[in-house]
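# Below is the sequence, then the predicted model.
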Amino acid sequence: MLAPLGLLTVVVLLAAVMSKRVSRRSFLQVAASGAIAGAVAHRTGPALAQSAAAVPPRDWVLNATIIEACSCTMFCPCYFSTVPSAHGHGSMAEHFCRFNMGYRVNQGTFAGVSLNGIKFWVAGDLGADFSKGAEWAEVTFEPSVTKEQRDAIAKILPNAYPVTWKSFTIGKDAPIEWSFTKERAVAKLDGGKAGEVVLVHAPTGMTAEPVVIKNLKYFGVPRNTGFVLMPNEVNAYRVGAKAFESKGTNGFMITYDINSKDVKTA
């Protein structure tokens, strides 16, 4: 079950939706959700849900790199609008952004718990217009990630992705392969049986170096090193009834940094 939104947040969201001028960046800055913490609590029992609600904000830091792809055209329009790419033609066109994020934490701590080196996966769909709520998301951890580390990620991620989800779940643990070079980036969930992202360098720049977009905000995160653009060879999530696959669509790598001092508190 999704955590309830505060009254002020609801008012701000409704005003944004009614104005029809809200961008992905502004929307994600004001939309708040406890979905991730709630989903982890659902998997680990009511005791965690109660303790999580009682724990005050504590110092934490996260620096992570993501191999990411989605079903949108290159470059994903969701960074400039809340309406993803259209798929289909004319009146049959459907808007959605079905994505995979293969995460590797470079450095991180939460209340003394080290997050260095852990990997996890986020898959989902932003839906037709995520100013009205994103469709679904599912987080999958590697088996080696401890309960304390999972709890920490559950606390941190809603600050990076402050958006409401109609459905949010935690997937069954699975190993994650994660590697990259200047020419290619690969992330696989359960050897590719559950999920797969393959990105390839496109020689579209003025030099042989990758094309990088700078000074563009990544969701609710205040700092990033730039979007390293690499179209995907495959963007697939192969689990359950919401499985999807696209090829030749949007892809990039990004490293971001966020900490508890970046988060505004009431």
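The structure has been received and is ready for your questions.
# Three-state assignment for the residue lying closest to R223 once chain neighbours are set aside, please.
If the residues on either side of it in the chain are set aside, R223 comes closest to D257, at 4.5 Å by Cβ to Cβ, 6 or more residues apart in numbering. Just so you know, the C-beta spots here come from the backbone N, C-alpha and C atoms, and that holds for glycine as well. Recorded secondary structure, D257: strand (DSSP: H, G, I helix; E, B strand; the rest coil).
# Run through the bridge partners of D257.
For D257, the beta-bridge partners are N63, R223 (DSSP bridges).
# Run through the residues that contact it.
D257 sits next to 61-63, 221-224 when contact means Cβ atoms under 8 Å, 6 or more residues apart in numbering.
# now do G133
127, 164-166.
# N250: which of those residues is nearest?
G127 (16.2 Å; Cβ to Cβ).
# Against E94, how distant is that closest one?
10 Å (Cβ to Cβ, to the nearest Å).
# More neighbours: which of these two?
G127 (21 against 10; other Cβ atoms under 10 Å).
# would the more buried one count as being in a helix?
No - under three-state DSSP, G127 sits outside any helix and is assigned coil.
# That one and F252: what is the separation?
From G127 to F252 the distance is 21 Å (Cβ to Cβ).
# Equivalent analysis for N100, please.
When N100 is compared with F252 (using Cβ to Cβ), they lie 12 Å apart.
# And F110, by the same measure?
From F110 to F252 the distance is 26 Å (Cβ to Cβ).
# Where does the prediction get shaky in the stretch 151-266 of the chain?
Low-confidence segments of the stretch 151-266 of the chain (pLDDT under 70): 265-266.
# any idea where the strands of it begin and end?
Remark: strands assigned in the stretch 151-266 of the chain by DSSP state E, counting those that start in this stretch are 165-170, 176-180, 184-189, 195-200, 211-213, 223-224, 227-229, 232-237, 244-246, 251-259.
# pLDDT wise, what is A128 at?
With respect to pLDDT, A128 scores 72.
# ok, it touching E94?
Yes - counting by Cβ atoms under 8 Å, E94 is a contact partner of A128 at 7.3 Å.
# which other helices and strands contact the strand ranked longest in the chain?
Ordering each strand of the chain by length in residues (DSSP state E) puts strand 98-110 first. In terms of contacts (3 or more Cβ pairs under 8 Å, 6 or more residues apart in numbering; DSSP states H and E), strand 98-110 is packed against strand 60-70, strand 119-125, helix 147-160, strand 176-180, strand 184-189, strand 195-200, strand 232-237.
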